[in-house]
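>>> model this:
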Amino acid sequence: MIELALGIAIIVQDQSSLRAAPRDSAPAHTLLWQGEALEVRGERLDYLQVYDHRRERAGFVRAAQVRRFKLTPQEAPELLALLRFLDGTPGAEPLGIGLAAAYVQAVPKEQLSSEAGAEALDALGGFAERLARRASPRGPQTRETQAMTSAHLDVAARYGVHFTSHEFEGRMILCYEGEAFRRVLALPSSPPQRARAALGLTRLECGGADLPPQKQRQLDEWRAQVLDRVDTDALSPTLRNRVLMRRAAIAASLAFQRARQGEPPQPAFASALKAITAVRTDELTENDRRTYAETALRVNASRWAAAPLSPPDGKALRVETVAEETGETCVLLLDAKSSRERPLARRCTFALVWAASAVTNSEGSALALAVQPTATWRELWVFRKTASGWAVRILPPATSFPEIGYAEFAGWVPGGKQVLVAREASVAGQRSRSFEVLRLDTLAAVRRAAEPSALSAFQKWQDAAWRQHTLSLR
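Below is the predicted model of the structure:
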């Protein structure tokens with residue numbers, strides 16, 4: 001936008017017509033969408049004579065369908081008031097972006113660095129993020145809705161608002177690039193503004209799941225630093241909960257990445273546990289309850305990061321790991337009579353093996369082990385003694401491509417034929433949780449319930465350490 005004598009006109013109604021003459025019967029050159037800015041060159045009847053620099057076309061538009069501004073500092077309070085009015089209004093995102101851009105153009109540089117400037121940039125970031133979420137629906141859209149959303153994204157792009165696309169839960173989503181939020185963090189902004197900016201910059205679904213491990217760790221470390229700059233004590237309960245849940249999810253991911261690179265994961269996981277336990281569950285909105293459940297999934301997937309590795313005693317059934325040149329980790333099942341050269345069983349994986357999770361049944365005929373392929377997905381390996389030797393079966397959180405979930409050992413049933421397991425997963429936005437009694441030979445479910453209290457085996461034989469540390473009983 002450029003400042004001219006007659007100012008600019010910002011379209012406030014979708015599908016406003018740019019006509020060849022100042023009358024309703026005149027041919028329409030094109031349709032204009034809310035938020036678009038036009039140069040005003042004159043007035044004719046109840047029409048404005050305008051010029052569309054993007055389309056390089058002149059025409060007429062009804063005066064009732066626009067708001068006129070000259071982009072002077074005196075208009076800044078009015079623009080800010082309009083931004084406050086539109087905040088949170090569904091479907092008004094491109095108009096809000098256009099007005100925020102007009103505010104940035106109207107005020108001097110020093111005023112843009114003030115609290116009012118931070119408020120305008122906070123609004124700009126909020127409009128952009130809501131537009132990105134609206135453009136990433138879970139369900140199908142009508143052609144009209146798709147056309148409108150596409151036009152609104154085009155309007156935002158003309159103001160330099162950029163979006164990136166990512167694959168998440170089997171679908172493509174758009175994410176706001178976050179320039180306005182970065183500027184909010186650099187200005188004298190209020191704690192709620194900083195919290196909204198931090199949440200906008202650290203969206204989990206916008207991290208790029210295809211990043212190599214080192215870059216993913218760098219991204220999560222930066223996210224953690226951004227979230228740590230937010231003073232949660234100065235926030236409303238709802239906003240505080242959202243920041244804490246995001247901190248927990250990021251810290252749990254960092255714990256996994258540090259363990260995978262041979263570094264102590266305990267400090268990162270302690271941060272995750274501290275954050276999620278500080279969430280006030282009675283202050284969660286309906287949408288936040290879903291986020292809380294997913295965050296607990298993420299944290300519980302990495303919960304073995306809190307356990308120090310105890311040295312093997314050389315007598316009991318145990319596991320040891322060997323790093324291969326290929327990058328794999330080989331799990332060796334050993335007892336007092338076997339050796340690393342001739343183990344009872346050997347299984348290799350590119351996943352992270354939590355050796356501290358190994359637990360043996362009283363009969364010495366089975367061993368359960370937690371193995372984590374990704375930061376949000378933990379499987380259960382069960383070694384079992386058979387007539388022909390030792391075999392291993394793998395139990396995933398769900399029968400789907402790894403997304404978010406865990407399958408974890410919950411106890412042994414005496415007799416050496418059954419094991420207790422807790423499983424929880426979120427796949428394609430659908431969450432499932434179950435407590436199961438499984439056969440050791442096939443890992444087929446004998447009994448299953450949504451709550452452990454519904455299974456007598458869980459009431460009798462659940463493992464005390466599991467009950468103390470798991471988040472599945474939240």
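
>>> Any stretches of the stretch 151-300 of the chain with poor pLDDT?
208-209 (pLDDT under 70).

>>> 80 - rerun?
168-171, 207-210 (pLDDT under 80).

>>> show me where it has strands.
163-168, 171-176 (DSSP state E, counting those that start in this stretch).

>>> Out of the ones you listed, the one nearest residue 297 is which?
Nearest to residue 297 among the strands of the stretch 151-300 of the chain is strand 163-168 (15.1 Å), distances taken as Cβ to Cβ. Quick note: C-beta positions are derived from backbone N, CA and C, even for glycine.

>>> I'd like to know which elements that closest one is packed against.
helix 143-158, strand 171-176 (3 or more Cβ pairs under 8 Å, 6 or more residues apart in numbering; DSSP states H and E).

>>> any idea how far residue 448 is from residue 56?
The gap separating residue 56 from residue 448 is 66 Å, by Cβ to Cβ, to the nearest Å.

>>> How about residue 67?
Distance, residue 67 to residue 448, by Cβ to Cβ: 60 Å.

>>> quick revisit: may I see the helices and strands packed on strand 163-168 arranged in JSON lines, with mean neighbour count and distance to residue 27 as well?
JSON lines is the format used below for these (neighbours: other Cβ atoms under 10 Å; distance: least, Cβ to Cβ, whole Å):
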{"stretch": "helix 143-158", "mean neighbour count": "16", "distance to residue 27": "20"}
{"stretch": "strand 171-176", "mean neighbour count": "18", "distance to residue 27": "35"}
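
>>> ok, residues contacting stretch 124-143?
86-87, 90-94, 96-97, 100-101, 104, 149, 152-153, 156, 161, 163, 171-176, 178, 180-181, 184, 196-197, 200, 429 (Cβ atoms under 8 Å, 6 or more residues apart in numbering).

>>> Tell me which of residue 56 and residue 448 has more neighbours.
Neighbour count, other Cβ atoms under 10 Å: between residue 56 and residue 448, residue 448 has more, with 14 against 7.

>>> In contact with that one, which residues?
Applying Cβ under 8 Å, 6+ apart, the residues near residue 448 are 434, 435, 436, 437.

>>> Please name the residues that touch the third one.
With contacts defined as Cβ under 8 Å, 6+ apart, the neighbours of residue 436 are 420, 421, 422, 423, 445, 446, 447, 448, 449.

>>> Quick one: distance of the helix or strand containing the first one to the chain centre.
Assigned by DSSP states H and E, residue 420 falls within strand 418-427. Mean C-alpha position of strand 418-427 versus that of the full chain (Cα atoms, centre = their mean, to the nearest Å) differs by 23 Å.

>>> hmm, back to that, in TSV: the helices and strands packed on strand 163-168, plus distance to residue 370.
Output for the helices and strands packed on strand 163-168, formatted as TSV (distance: least, Cβ to Cβ, whole Å):
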stretch	distance to residue 370
helix 143-158	43
strand 171-176	30
